[in-house]
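Novice: can't give you the sequence, but here's the structure:
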C-alpha cells in the first residue's frame, strides 16, 4: 500500500498503530500525524532501534495495510 493512502486515513487507524507498537500512545500517534519519518524517529526513540530496523518494521506493516482496517477487520 502506498504511504500516501495510509497518511490519508491516519486519524482513522490510530488504534491499529497503537496495537502494532504498544509503546506508542494515542497522543504520540496524533503527533506523528501520518508522517513516516516522524513515525520512524519515534519508534527509534521508544524501542531503542536503529533506523534501519524501524524502517523494516514500518515497511512490513505498510505492506500489510488494507482498507479493511477502516471497516472493522482490525487484524494487524
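Specialist: Good, I have the coordinates. Since the model is a prediction, treat every value here as computed from it, not as a measurement.
Novice: and the longest helix for the chain?
Specialist: Using DSSP state H, we find that the single longest helix of the chain is helix 51-64.
Novice: Which residues does that one contact?
Specialist: Residues from elsewhere that reach helix 51-64 (Cβ atoms under 8 Å, 6 or more residues apart in numbering): 1, 3, 6, 20-21, 36, 39-40, 43-44, 47, 49, 76. Just so you know, the C-beta spots here come from the backbone N, C-alpha and C atoms, and that holds for glycine as well.
Novice: Of the residues you listed, which is the most crowded?
Specialist: residue 39 (26 neighbours; other Cβ atoms under 10 Å).
Novice: was I right about residue 21 contacting residue 46?
Specialist: Yes. Applying Cβ atoms under 8 Å, one finds residue 21 in contact with residue 46, separated by 7.4 Å.
Novice: any idea which helix or strand carries the residue most central in space within the chain?
Specialist: Nearest to the geometric centre of the chain sits residue 17, at 4.5 Å (Cα atoms, centre = their mean). Per DSSP states H and E, residue 17 falls inside helix 14-20.
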